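> Sequence and predicted structure are below.
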Amino acid sequence: MQYKVLALDLDGTLTNSEKIITPRTKAALMEAAARGVCIVLASGRPTVGIEPLARELELQKYGGCILSYNGGKIIDCKTGHVLVQHAFPPDLIEPVCTFSRYWNVVPLTYDTHGIITENASSPYVQEEARINKIPVRQVENLPATVNYPINKLLLTGDPVDMPHVEELMQQEFAGKLSICRSQPFFIETMPLGVGKDTSLEMLLRAKGLTAANLMACGDGWNDLPMIRCAGMGVAMGNAQAPVKAAADYQTADNDHDGVGLAVEKFILSEEN
């Protein structure tokens with residue numbers, strides 16, 4: 001079997017519009033896991049927002065992984081061990097929050113309970129809470145509150161404004177942070193060099209594998225690096241145009257078993 005690691009974005013990829021895994025896709029993934037494929041749930045979500053899907057797919061039984069914070073952290077579901085960990089530079093928390101306030105976008109991060117932010121009423125903050133099924137806590141000053149290690153800051157705002165804000169942020173923090181959009185209303189900010197691709201490469205090396213053994217499925221801008229580095233990069237039918245252009249194969253959309261169909265074709269088929 002060529003593809004021994006299967007990396008899956010969640011929102012817009014593994015889960016459908018109702019944020020659930022459809023039966024056909026779930027069956028294909030369970031069969032792949034039973035055959036020894038390491039399933040990696042690779043998302044910008046915090047770890048706590050991925051754990052319910054990991055339990056649903058029984059990754060603790062089969063030895064899959066959670067890649068959270070867009071590559072900031074990887075956890076082995078069977079052992080609970082942290083395999084990869086990247087901490088956000090503490091000295092850049094205040095500058096990122098100041099930049100966000102100036103351009104009228106809302107930064108957030110996470111603690112052990114859920115989301116913390118200076119504007120809990122923002123509809124985009126509420127969307128992040130809904131996606132992850134976690135609570136939101138409003139604080140007066142986010143940088144002053146974050147006195148513990150974090151893996152990323154998420155900037156949220158009007159989709160009309162975010163391309164320009166991302167461009168300005170790339171200029172402001174060039175050589176200091178990794179920055180990309182994951183949704184039209186989300187900008188991910190991570191430690192420099194961190195992404196789904198770089199963390200997956202570390203995981204592959206630890207397993208004695210190469211990118212040729214990786215199949216990756218995604219739909220968003222932040223999936224581009226892992227789509228490009230994977231031996232088989234799969235774009236969802238609902239993927240952003242650059243993701244489709246970079247992919248080796250385009251499957252159906254996330255409401256029509258796109259992941260399940262790709263797994264059947266490239267992992268479960270007799271030809272493979």
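Perfect, I can see it now.

> In three-state terms, label residue 137 for me.
Three-state call for residue 137 (DSSP: H, G, I helix; E, B strand; the rest coil): strand.

> list the contacts for the closest residue to it other than its chain neighbours?
The shortest distance from residue 137 to any non-neighbouring residue, by CB to CB, 6 or more residues apart in numbering, is to residue 116 (5.0 Å). C-beta: built from backbone N, CA, C; applies to glycine. By CB atoms under 8 Å, 6 or more residues apart in numbering, residue 116 lies in contact with 108-110, 136-139, 142, 145-146.

> are any of these buried, and which?
Among the contacts of residue 116, the ones that count as buried by 16 or more other CB atoms under 10 Å are 108-110, 136, 142, 145-146.

> pLDDT of stretch 19-37, averaged?
For stretch 19-37, mean pLDDT rounds to 97.

> in a strand, that's where residue 108 is, yeah?
Yes - applying three-state DSSP, one finds residue 108 inside a strand.

> Around the closest residue to it other than its chain neighbours, how many other residues sit close by?
Setting aside the residues directly before and after it, residue 108 is nearest to residue 117 in space (CB to CB, 6+ apart), at 3.9 Å. For residue 117, the count of nearby residues is 23 (other CB atoms under 10 Å).

> what about the residue nearest to residue 137, is that helix, strand or coil?
Residue 116 ends up strand, using three-state DSSP.

> where's it relative to residue 23, distance?
Note on residue 116: its distance to residue 23, by CB to CB, to the nearest Å, is 36 Å.

> what mean pLDDT does stretch 258-265 have?
98.

> and it, how far from the chain's centre?
19 Å (CA atoms, centre = their mean, to the nearest Å).

> Contacts made by that stretch with the rest, please.
Contacts of stretch 258-265 (CB under 8 Å, 6+ apart): 6, 8, 13-14, 22, 24-29, 32, 215, 217, 234, 236-238, 249, 251-252, 272.

> List only buried entries from those residues.
By 16+ other CB under 10 Å, these give 6, 8, 13-14, 22, 25-29, 32, 215, 217, 234, 236, 238, 251 as buried.

> Out of those, list just those in helices.
25-29, 32 (DSSP state H).

> Do a quick rundown of the strands in the stretch 51-200 of the chain.
65-68, 73-76, 82-85, 106-110, 115-117, 136-138, 153-156, 177-183, 186-191 (DSSP state E, counting those that start in this stretch).

> and those as JSON lines, adding mean pLDDT?
As requested, these are exported to JSON lines (pLDDT from 0 to 100):
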{"stretch": "strand 65-68", "mean pLDDT": "97"}
{"stretch": "strand 73-76", "mean pLDDT": "97"}
{"stretch": "strand 82-85", "mean pLDDT": "94"}
{"stretch": "strand 106-110", "mean pLDDT": "98"}
{"stretch": "strand 115-117", "mean pLDDT": "98"}
{"stretch": "strand 136-138", "mean pLDDT": "97"}
{"stretch": "strand 153-156", "mean pLDDT": "98"}
{"stretch": "strand 177-183", "mean pLDDT": "93"}
{"stretch": "strand 186-191", "mean pLDDT": "96"}
